[in-house]
Structure formats: structure tokens, C-alpha cells
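Asks: Quick one, structure for this:
(2 chains)
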Amino acid sequence: MAQTLDQPVAARPPSPTGSRTNRRSPLRRFLVRPEVGALIGALIVIVFFLIEAPTMRGASAISTVLYQSSTIGIMAIGVSLLMIGGEFDLSAGVAVLTSALTASMVAYQLGANVWVGVAVALAVSLGIGAFNGWLLVKTGLPSFLVTLGTFLMLQGINLAVTRLVTGNVATNDISDMSGFNTAKAIFASTVNIGGTQVNVVIFWWLAFVALATWILLRTKVGNWIFSVGGKKESARAVGVPVRGTKIALFMVVGFCAWFSGMHQLFLFNTVQSGGGIGNELVYIVAAVVGGCLLTGGYGSVVGAAIGALIFGVVSQGVVYAGWNPDWFKFFLGAMLLLATLVNMYVRYQANRR
Amino acid sequence: MTNSNGNDTIIEMSDVGKFYGNIRALAGVNLTVRRGEVTCILGDNGAGKSTLIKIVSGLHPHDEGTFTVDGKAVTFDSPREALAAGISTVYQDLALVPLMPVWRNFFLGSELTKGVWPFRRLDVARMRRIAGEELKKMGIELSDIDQPVGTLSGGQMQVVSIARAIHFGARVLILDEPTAALGVKQSGVVLKYIAAARDAGLGVIFITHNPHHAFLVGNHFAVLNLGNMELDAKRADLTLENLTQHMAGGAALDALKHEMRETEAPDLGAVHQAHQVAEKELTTP
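Replies: Numbering: from 1, shown residues only, chains lettered A, B, ... in the order given. Below you'll find the predicted structure:
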């Protein structure tokens, strides 16, 4: 504000075209988009690994890369929306397992149709999200603390309840139960496209990205998400339901966790109770690489999807290139730093007038 | 311009008070806001200006006294209720979201939509056009309605906020320290919009700690001090000097001066110093 104090209001001369809404050049408008850094990063890693790992050029390898990306990508949708809304969810990784464990154990113990378990798991996942959100708006604690708490609690519950119910660290195989085949068809089947096996979860991922992008950019709720993350006091003052929006965002993460959990369950038929830890950071990395501002109010779901794609390309590329997989984490960290810096630089350049 | 016709009264507060826990933030406030008038509320930091504004704009309900809008007693529980009654606030921080485009900010909380649920979506073209037109009316030509609000100048942001309030049918416009962070020229621009809003028939509540700015546009003046009304006067009953003196501490300062003369000064280092400074301010024009 300070640097413009001595400028009179409306001192900027009218634009030569006389139009009041003439825009910046198309290239500039493209460059200020949040996804640009991730897009550049994705192109670099894709080209790099296509050269370095020739086996990655085949259709089935591409399908594998996309599949790997989609398993991260579905969660990254919820996590990026939440981050744009100004919050984190550290419990997102273990919440996926909580959902899968719930569905599996409820169905098995009741001997019911697996869809009963799927429905209960949905309720539990949405409930965890609602609880996170409610605790956040009620106490005013930072989401980092609230969800760190639920992260640890869920981790304990996953192990303890599974052991109590099954006497084991994994759930029983549910693949011979009624309803399993329809559920597997929806959550974890593969379709044959031109001789290549493609997992349906890839299509779900793309559909969810499209839906979330539409909501974020073209609906009232999307406007609210940006505003509660950008400046929640202002949002409240003009009548945006800040608390409701935040709780709903946590529930969206819950929904994504449910979907990912169901995918894992119907892919493997059984669930190990100890996993999922560390994944929450991978989702956050995907969102940040995709241009979401850690402090909220800025970002895109498409960017987070590209972030997930980078993750998929690198994790599979390392394998196809025949390297020691230990290098994967190093690459991931380097990508995070690089993409963040590129984002910063590009935005600075494009906003200069 | 001054119109004290009873029908023009929009807001009337009598004996309004507010507690924050044990702390009495406001007591015995009487305030009237009429169509086509600017009511100025002056006071030092912590005098209760912000508390008063929060009551009128619906951020906090009042605890005592009566608050009527159009003759009906009200207690607002949310800013939405105040907005529905036609009371719109332009906050010190302007209630803008810096990273969001101008047009999204303009319609935030009152978005225009088209289509039926579940396909109801923002009417982006209409929102862009209206936001551009409303700002043009206020004399601002933006090169890009998509630019983030945070890239505008302080005065431009004020005007975006004022234009928004007027567009959404405000009858009462509350301006919280609109000139506080601005230079002389930009303050002048904002004061012009205040006068324009007044002449358009709005009731304006203008909060400031600058008596010079207040005197340029005000019809009615209220000075708050430590949560109490120190002065409540029409323009005709007041000079700029009076107003400035009340702002500087007024009656409380006289009382303190009297008291200090009567008693042997105990160890009152800080108070004594403050008194000296205040006295110096009063005697030097």
C-alpha cells in the first residue's frame, strides 16, 4: 500500500482500446496460473525419464505411471482444496486405511453384503473429516495440531481395533462375500483399452479433478473456498459461511480417503492395519508442487493433479531406468523445492507491470 | 442538506452498552443516523469506536440499551442480518481478499449465479461486467478486472469496497477509518465519495480520529472516550476548534488538571508525563 500512497486514485490512464476490462496478454495470463510451475516440472521429468528409461515409452508402462499417479491424485484433490481453504490435514494418510479397515471388518463381522461395509466406511470417513473441521472451528487451534492429534489417534485405532476384532494385524479376505464383485468393478477393476490394461481408478481420478475444478472456479462454493483461505475475517464480514466451508472441506478430504480406501480394499481383498503413515506428506507435496500456497487462498486442483503425475512419473521412472529405488525420495524432495521456486519466480515475473 | 425530519431516521441507538467479559467496552451510547447525513464518530484508540461499529454491523450483539432500525428494536447476530437491513460496512481492512480477482471480491458472499442445481454456476460474464461498470461510476478504470485486489492502491481498494456496498443496496454505509492509511490526495478522493454517498441519500457513519476530515463532510459529531459519549453535537453547534479539543481529551483532561492542582503529586511518573504532553498539545495550536 505504501508505495502507491502519493498516486491519485484513478490516475492510470484509460486503456487505449477504451475497454474497461481489457486483459493482460494471453501469455502473461497463462503464466500467472498456479499450475504453470508444475506443468514445466512435469514436462522436464517426463522428457528426462523417456530418454533415460526407454521401457517407459510403452502403453502399459504409461498405464502403470498413470495408475500410480491416480492413487496419490485422488487424495491430492481433497488435500489441495483444503489447502486453498487455508488448512492442512495430517490425518489424511492413515484415514485412508481407517476407511478400508472399517469397510472390511464391518462387512466380515456382520457377514453382510460388502456394500454395507462400504456405506459404513463412508459415514466414518465423513465423520472423521467433520470431527477435524468441527474441532478446528470450535477451538481455533491450528489445523496442524488438530490433525496431528487425529493422525496419532487414528494410527492407534487402526492397529488396536484391528487386533481386537480379528486378533491379527490384517483383516480377513472378503473376496468371496456377496457384493464383492460389483464393488470391485467400481473401485478397482481394469478395463482393456487397445490391448492395455487400464485401472478404472484413473478415470475416477480424472472425473473428480474435472468436477473439483469446476466447483472451485465456477461456483459460489469455490469462491468461498478461496476467500476462507485468503482472508477469513474478510470472508466472514461479507457473509461467507466460513465455519461451514472449512468443515465441508475436511469432509471432502474424508470422501477422498474413503474412495482411496475402497480402492485399496477391493484391489487387495484384505488390509494391513499399519500402513498409510507418511502418505499425508506425499499428498501435501503434490498440492504444493501443483501451485497451492501453503498459507491458503491460492492454488488449483489441476495443479495438484499434475503434482501427483510428477510423483507417478518419478516413482515409476526410477524403476524403469533400473536405478536403486532409494533415489526416489531424493528426487521427490528436489522436485518439491524446484517446483516451488519456479512457481515463485514465474508469478513474480508475470505480476510485474 | 441537514434534514432532521423524523421519517429520515434509519438507525437510533439509546443507552447502548457492551461488555467483553468483565470489561465494559461501551456504555450509554446514543446515536442517530439519518438519510442524507454523515454522522461522524471520533475518538482515540481504544475509545470504543470499533466496538460500536461491530454492534451496528452485526459482528457482536449489544448487551444493554436499545438499538432500533426503522423504528424496530433489533439485535444482530451476524453480519448477514445487518446486511439484510441495508447496513453495509467498509472495514479498516476493507473486507477484501488480496489474492482474489477484483470481480470475485466485488461479489464475494453475494455471487450471481445462473442455471439450476446441481448445475448452478457463477455468472462470470455478468459479474465481470457489473463490477467494471460500478467501478467506472466511481471513477476507477482498471486495466484488468481479473487482477488481484491486493495489487490495487489503497484508495482504489477503498473505492472498490464503497462501490460494492452501494451496489448491494446499502442504506447505511459504515466507513471504519477509511482515511487512516492514506496520503493527503487519496484521503481527498475518499472524502469526495463519502460526500457523494451522502448526497445520494445514504446514511453514512464515518469513523475517524481526524477531526479535520470529519469536519469536511460531517453533519453530526459524536466523540467517544473510554467507552462513553464525550460529545454529541450537530455541526451548527460546533467549531473545528471545539471538536479538536474534545478529541484531545476534552473534559477528562480538564478534570485531571484540576485534580492535579489540588493534591500533592504522589509517585505518578507516567501519569504526570502524559498530562504534561497533553497540556502542551492543547496550548500549541
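Asks: can you map out the strands along chain B?
Replies: Listed in chain order, the strands of chain B (DSSP state E) span B:9-20, B:23-34, B:38-43, B:64-69, B:72-73, B:87-90, B:113-114, B:121-122, B:172-176, B:203-208, B:220-225, B:228-234.
Asks: now the fourth one and strand B:23-34, what's the angle there?
Replies: The one in question is strand B:64-69. Going by axes from the mean of the first three to the mean of the last three Cα atoms, to 10 degrees, strand B:64-69 is angled at 30 degrees with respect to strand B:23-34.
Asks: ok, stretch B:76-88 near chain A or not?
Replies: Yes. Stretch B:76-88 is in contact with chain A by Cβ under 8 Å from any Cβ of the partner chain, via B:S78, B:P79, B:R80, B:L83. For glycine as for every other residue, the C-beta is placed from the backbone atoms N, C-alpha and C.
Asks: What average pLDDT does that stretch get?
Replies: The average pLDDT within stretch B:76-88 is 86.
Asks: Counting neighbours, which bits of that stretch end up buried?
Replies: Along stretch B:76-88, these residues count as buried under the neighbour rule (16 or more other Cβ atoms under 10 Å in any protein chain shown): B:F76, B:P79, B:R80, B:E81, B:A82, B:L83, B:A85, B:G86, B:I87, B:S88.
Asks: Number of residues surrounding A:V288?
Replies: Residues lying near A:V288 (other Cβ atoms under 10 Å in any protein chain shown) number 24.
Asks: Now do the same contact list for it.
Replies: Counting by Cβ atoms under 8 Å, 6 or more residues apart in numbering or on different chains, A:V288 touches A:M83, A:L294, A:G307, A:L336, A:A339, A:T340.
Asks: What is the burial count for the nearest residue to B:Q186 once chain neighbours are set aside?
Replies: Using Cβ to Cβ, 6 or more residues apart in numbering or on different chains and skipping residues adjacent in sequence, the residue nearest B:Q186 is B:G155, 3.6 Å away. Using other Cβ under 10 Å, B:G155 has 29 neighbouring residues.
Asks: Where does pLDDT dip in the chain?
Replies: All of this refers to chain A. Applying pLDDT under 70 to chain A flags residues A:1-24, A:347, A:349-353.
Asks: Wait, chain B was what I had in mind.
Replies: B:1-7, B:249-253, B:263-285.
Asks: now, among the buried residues of stretch B:76-88, which is nearest to A:I284?
Replies: B:P79 (32.8 Å; Cβ to Cβ).
Asks: Leaving out sequence neighbours, find the closest residue to that closest one.
Replies: The nearest residue in space to B:P79 (Cβ to Cβ, 6+ apart) is B:G58, at 4.5 Å.
Asks: pretty sure that neighbour contacts B:I87?
Replies: Yes. Using Cβ atoms under 8 Å, B:G58 makes contact with B:I87 at a distance of 7.4 Å.
Asks: List, one by one, the residues from the stretch 151-285 of chain B near chain A.
Replies: B:151, B:153-157, B:159, B:181-183, B:185-186, B:189.
Asks: now do 10 Å
Replies: Residues of the stretch 151-285 of chain B that fall close to chain A, judged by Cβ under 10 Å from any Cβ of the partner chain: B:151-159, B:161, B:164-165, B:168, B:181-186, B:188-190, B:192-193.
Asks: Which ones among the residues you listed lie within helices?
Replies: Judged by DSSP state H, the subset of those located in helices is B:154-159, B:161, B:164-165, B:184-186, B:188-190, B:192-193.
Asks: Could you turn the buried ones of those into a ChimeraX selection?
Replies: The buried subset of these, as determined by 16+ other Cβ under 10 Å, is captured in ChimeraX by this line:
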select /B:154,155,156,157,158,159,161,164,165,186,188,189,190,192,193
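Asks: tell me, how many neighbours does the spatially closest residue to B:T75 that is not a sequence neighbour end up with?
Replies: Leaving out its chain neighbours, the residue that sits closest to B:T75 by Cβ to Cβ, 6+ apart is B:P61, at 4.8 Å. When neighbours are defined as other Cβ under 10 Å, B:P61 has 15 of them.
Asks: OK, contacts around B:P61?
Replies: Residues in contact with B:P61 (Cβ atoms under 10 Å, 6 or more residues apart in numbering or on different chains) are B:K18, B:K54, B:I55, B:F67, B:V74, B:T75, B:F76, B:D77, B:S78, B:E81.
Asks: Let's see which of the residues you listed end up in helices.
Replies: B:K54, B:I55, B:E81.
Asks: can you put these in CSV and add distance to A:S189?
Replies: Shown next, in CSV, are the ones in helices among the contacts of B:P61 (distance: Cβ to Cβ, whole Å):
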residue, distance to A:S189
B:K54, 57
B:I55, 60
B:E81, 52
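Asks: which of those lies closest to B:H246?
Replies: B:I55 (22.1 Å).
Asks: so the closest one makes contact with B:P79?
Replies: No. Judged on Cβ atoms under 10 Å, B:I55 makes no contact with B:P79 at a distance of 11.6 Å.
Asks: which residues does the residue nearest in space to the middle of chain A contact?
Replies: By Cα atoms, centre = their mean, chain A has its centre lying nearest to A:A76, at 0.8 Å. When contacts are counted by Cβ under 10 Å, 6+ apart, A:A76 touches A:69-70, A:83, A:92, A:205, A:209, A:256, A:282-287, A:289-290, A:292, A:301, A:303-309, A:311.
Asks: again, only this time at 6 Å
Replies: By Cβ atoms under 6 Å, 6 or more residues apart in numbering or on different chains, the contact set of A:A76 is A:Y283, A:A286, A:A287, A:A304, A:A308.
Asks: now swap in A:K231 and tell me
Replies: Applying Cβ under 6 Å, 6+ apart to A:K231 gives the contacts B:V97.
Asks: residues from the stretch 1-150 of chain B in reach of chain A?
Replies: B:79-80, B:95-97, B:99-100, B:104, B:108-109, B:111, B:121-122, B:132, B:136, B:139-141, B:143-145 (Cβ under 6 Å from any Cβ of the partner chain).
Asks: so of these, which ones are in helices?
Replies: B:P79, B:R80, B:R104, B:G132, B:K136.
Asks: Against A:I62, how distant is A:Y320?
Replies: Distance, A:Y320 to A:I62, using Cβ to Cβ, to the nearest Å: 11 Å.
Asks: neighbour count winner among the two?
Replies: Taking other Cβ under 10 Å, A:Y320 and A:I62 do not tie; A:Y320 has more neighbours (20 against 15).
Asks: That one contacts A:I51, correct?
Replies: No. Counting by Cβ atoms under 6 Å, A:Y320 stays clear of A:I51, with 11.6 Å between them.
Asks: Could you list every helix and strand in contact with the helix or strand harbouring A:V137?
Replies: Using DSSP states H and E, A:V137 maps to helix A:114-139. With contacts taken as 3 or more Cβ pairs under 6 Å, 6 or more residues apart in numbering or on different chains; DSSP states H and E, helix A:114-139 sits against helix A:92-110, helix A:143-166, helix A:242-268.
Asks: Quick one: distance of that helix to the chain centre.
Replies: For helix A:114-139, the separation from the chain centroid amounts to 17 Å (computed by Cα atoms, centre = their mean, to the nearest Å).
Asks: That one: which residues count as buried?
Replies: Quick answer for helix A:114-139 (16+ other Cβ under 10 Å): A:114-118, A:120-122, A:124-126, A:128-129, A:131-133, A:135-137.
Asks: tell me the angle that helix makes with helix A:143-166.
Replies: Taking the same axes, to 10 degrees, helix A:114-139 and helix A:143-166 form an angle of 150 degrees between their directions.
Asks: Throw the ones in helices among the residues of the stretch 1-150 of chain B next to chain A into TSV and include distance to A:I186, thanks.
Replies: Below are these laid out as TSV (distance: Cβ to Cβ, whole Å):
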residue	distance to A:I186
B:P79	44
B:R80	41
B:R104	36
B:G132	47
B:K136	53
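Asks: Of these, just say which sits nearest to A:R33.
Replies: B:R104 (15.2 Å).
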